[in-house]
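S.K.: Got a predicted structure plus its sequence, pasted below:
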Amino acid sequence: MRWRLILAALVAAGASTVAVAEPGAAAPARDAYADILPAPVSARPERGAFTIGRHTTITAGPGARGVAEQLSAILHVPVASRAPKGGNTIALAVAGRDQGDESYRLDVGPGRVTLTAGRAAGLFAGVQTLRQLANGTSIPAGHVADAPRFAYRGAMLDVARHFFSVAQVERYIDQLALYKINTLHLHLADDQGWRIMINSWPRLATYGGSTAVDGDPGGYYTQAQYRAIVAYAAARYVTVIPEIDMPGHVNAALASYAELNCDGVAPPLYTGTDVGFSSLCVNKEVTYRFLDDVIGELAALTPGPYLHIGGDEAHATSQADYVTFMNRVQGIVAAHGKRVQAWHQVVTASPLPTTVAQYWDTTNVNPQVAAAAANGTGVVLSPANLAYLDMKYNDSTPLGQDWAALIEVADAYGWDPGTYLVGAPTSAVRGVEAPLWTETIRTSADIEYMAFPRLPAIAELGWSPASTHDWAAFRLRLAAQAPRWQALGINFYRSPQIPW
Ligand code: IFG
């Protein structure tokens with residue numbers, strides 16, 4: 001079993017020529033199909049296997065070339081316009097049928113593998129499944145028909161409390177893609193740092209981005225670097241949602257431009273971890289010119305439909321001012337052709353019909369959000385006591401916080417986004433997101449320690465049918481992922497709840 005897993009991991013990691021198939025009889029195919037994570041809608045193993053050999057090729061129909069190239073790099077199998085004589089083939093095709101955006105069908109037989117999908121995003125999802133099935137040079141025969149339960153399966157990375165380089169963000173994107181997560185929410189601005197260059201207000205980044213929590217090194221993305229992140233994510237069918245938090249969490253902006261402050265005085269840069277002490281000046285017109293410029297530049301850099309305007313912990317803004325502000329800013333975002341996503345406090349103002357509320361409370365009872373959801377406001381679920389990856393696993397976890405809860409893997413897995421929020425119709429639930437706040441997180445190894453294994457748990461809640469939800473089976477599937485994480489150098493937490 002372990003040989004199989006390690007070989008599978010090496011192939012999945014795109015390692016160079018993999019040793020011959022493991023010694024002794026190949027593990028029964030059932031394991032591989034039972035181990036797919038997130039769990040697919042349906043999977044059925046067959047006897048036999050497809051063997052990757054010297055004459056194996058990948059063929060790609062129209063619209064499938066990009067994904068075929070990525071599969072080629074994973075399996076070290078060339079893409080060919082047609083299969084050479086005597087060779088076996090892995091055929092990718094975008095069928096254009098009216099399948100869902102990310103659904104796919106995978107059929108593995110001894111002589112041929114076919115992967116078809118309605119759109120390239122579905123092919124990409126199928127490749128993540130195929131790479132999990134691959135076992136050295138052998139892919140056990142079988143069939144998978146699959147489609148996501150929720151369209152929005154997200155992860156948030158807070159690059160404001162601590163700054164992470166383009167390479168570090170891209171590494172995280174690669175890890176999200178393994179588990180069919182399709183949204184990266186980047187928390188680009190907060191009290192401790194502004195992390196994106198805005199050409200019309202350059203001091204936001206050059207000065208407001210110069211520090212971080214604890215005085216750690218600051219940093220910011222040039223617009224070219226932000227475009228690179230967006231493009232890297234898009235190639236992996238991950239949509240970026242940039243967040244500029246407002247009206248609170250704005251000390252970096254206020255420190256950068258005195259005129260943004262109600263009293264005209266810029267506060268010092270802030271490297272602590274308090275929240276709720278800053279506010280944009282709701283009654284000054286310059287605030288809305290500032291936001292029109294910022295939102296305009298960000299919208300031009302962001303192909304995805306949503307911009308996130310924050311809206312959380314506006315404790316230094318009166319409720320009346322908060323309502324005035326959030327209603328006006330939603331109009332500015334719409335004027336730039338984008339839709340609004342915001343933390344769920346936005347429902348205390350007047351959310352636009354297309355505004356999505358991101359729920360982060362620690363209770364499943366919130367009548368205001370439930371009422372908004374029942375009235376058509378879309379909701380993304382990120383309950384802080386279940387989905388916040390900066391929460392400690394237990395009292396001895398060296399990183400993270402514990403204000404919302406201690407979250408072990410079983411907690412992260414043990415809920416249903418479709419029915420979680422009392423009074424919110426399942427039809428209002430767009431999906432789930434796992435935020436990682438970085439007050440205590442500084443390196444990729446830190447990110448991975450907090451994200452693995454809980455991120456795959458959230459990914460499964462977002463992708464898999466509720467009918468597959470089963471902790472006893474999930475913990476075994478999670479254990480089967482460990483060899484690939486080791487092969488990829490992912491610094492995961494070896495939770496005692498999982499039989500690694
Ligand atoms: N709450 C704050 C975050 C961050 C978090 C840390 C939200 C929406 C606590 N707001 O979560 O800025 O400080 O767990």
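M.R.: Thanks, I have the structure now.
S.K.: switch to C-alpha atoms for all contacts and neighbour counts from now on
M.R.: Fine.
S.K.: For the stretch 101-250 of the chain, which segments count as strands?
M.R.: Ranges of strands within the stretch 101-250 of the chain are 104-108, 112-117, 138-146, 152-158, 183-190, 193-194, 239-246, based on DSSP state E, counting those that start in this stretch.
S.K.: Looking at the longest one now, give me its mean pLDDT.
M.R.: Taken as a whole, strand 138-146 has a mean pLDDT of 97.
S.K.: same thing with the second one?
M.R.: What strand 112-117 shows for mean pLDDT is 97.
S.K.: and residue 467, which of the strands of the stretch 101-250 of the chain is closest to it?
M.R.: strand 138-146 (13.5 Å; Cα to Cα).
S.K.: got a list of contacts for that closest one?
M.R.: Residues outside strand 138-146 that contact it (Cα atoms under 8 Å, 6 or more residues apart in numbering) are 21, 29, 32-33, 40-52, 103-110, 133-134.
S.K.: Which one, of the strands of the stretch 101-250 of the chain, ends up nearest to residue 376?
M.R.: Evaluated over these, closeness to residue 376 peaks at strand 152-158, with 16.4 Å, by Cα to Cα.
S.K.: Reformat the strands of the stretch 101-250 of the chain as TSV; add distance to residue 441.
M.R.: Output for the strands of the stretch 101-250 of the chain, formatted as TSV (distance: least, Cα to Cα, whole Å):
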stretch	distance to residue 441
strand 104-108	36
strand 112-117	38
strand 138-146	35
strand 152-158	9
strand 183-190	14
strand 193-194	15
strand 239-246	19
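S.K.: Kindly compare burial across those and name the winner.
M.R.: strand 193-194 (a mean of 34; mean count of other Cα atoms under 10 Å).
S.K.: Now find how far off-centre that one is within its chain.
M.R.: The chain centre lies 21 Å from the centre of strand 193-194; the measure is Cα atoms, centre = their mean, to the nearest Å.
S.K.: Check what contacts it and list those residues.
M.R.: Strand 193-194 is contacted from outside by 160-162, 188, 204-205, 208-212, 218, 220, 252-253, using Cα under 8 Å, 6+ apart.
S.K.: nearest to residue 65, of those?
M.R.: residue 188 (33.1 Å).
S.K.: now the residue nearest to residue 150 when sequence neighbours are not counted: how far from residue 396?
M.R.: Once flanking residues are discounted, residue 150 sits nearest to residue 431: 5.0 Å by Cα to Cα, 6 or more residues apart in numbering. Noted for residue 431: a distance of 31 Å to residue 396, by Cα to Cα, to the nearest Å.
S.K.: Looking only at neighbour counts, state which of the two leads.
M.R.: Each of residue 431 and residue 396 has its neighbours counted (other Cα atoms under 10 Å); residue 431 has more, 24 against 7.
S.K.: and that one, what is it in contact with?
M.R.: Residue 431 makes contact with 150-154, 379-381, 417, 462 under the criterion Cα under 8 Å, 6+ apart.
S.K.: go on, residue 401?
M.R.: 390-392, 440.
S.K.: and the closest residue to residue 227 other than its chain neighbours, how far is that from residue 150?
M.R.: Leaving aside its sequence neighbours, residue 227 sits nearest to residue 301 (Cα to Cα, 6+ apart; 6.5 Å). Look at residue 301 and residue 150: by Cα to Cα, they are 26 Å apart.
S.K.: These two - which one has more neighbours?
M.R.: For residue 301 versus residue 150, neighbours defined as other Cα under 10 Å are more numerous around residue 150 (18 against 15).
S.K.: List the contacts of the more buried one.
M.R.: Here residue 150 is in contact with 429-432, 462-463 (criterion: Cα under 8 Å, 6+ apart).
S.K.: Same check on residue 414?
M.R.: Taking Cα under 8 Å, 6+ apart as the test, what residue 414 contacts is residue 471.
S.K.: Mind pulling the model confidence for it?
M.R.: So, for residue 414, pLDDT stands at 98.
S.K.: residues near the closest residue to residue 402 other than its chain neighbours, how many?
M.R.: Ranked by Cα to Cα, 6+ apart and with sequence neighbours excluded, the top spatial neighbour of residue 402 is residue 391, at 5.3 Å. Burial of residue 391 is recorded as 25 neighbouring residues (other Cα under 10 Å).
S.K.: Show the pLDDT at the residue nearest to the spatial centre of the chain.
M.R.: Centroid-nearest residue in the chain: residue 155, 3.0 Å away (criterion: Cα atoms, centre = their mean). Looking at residue 155, its pLDDT stands at 99.
S.K.: gap between the closest residue in space to it that isn't next to it in sequence and residue 339?
M.R.: Closest residue to residue 155 apart from its sequence neighbours, by Cα to Cα, 6+ apart: residue 434 at 4.7 Å. For residue 434, the distance to residue 339 (Cα to Cα) stands at 21 Å.
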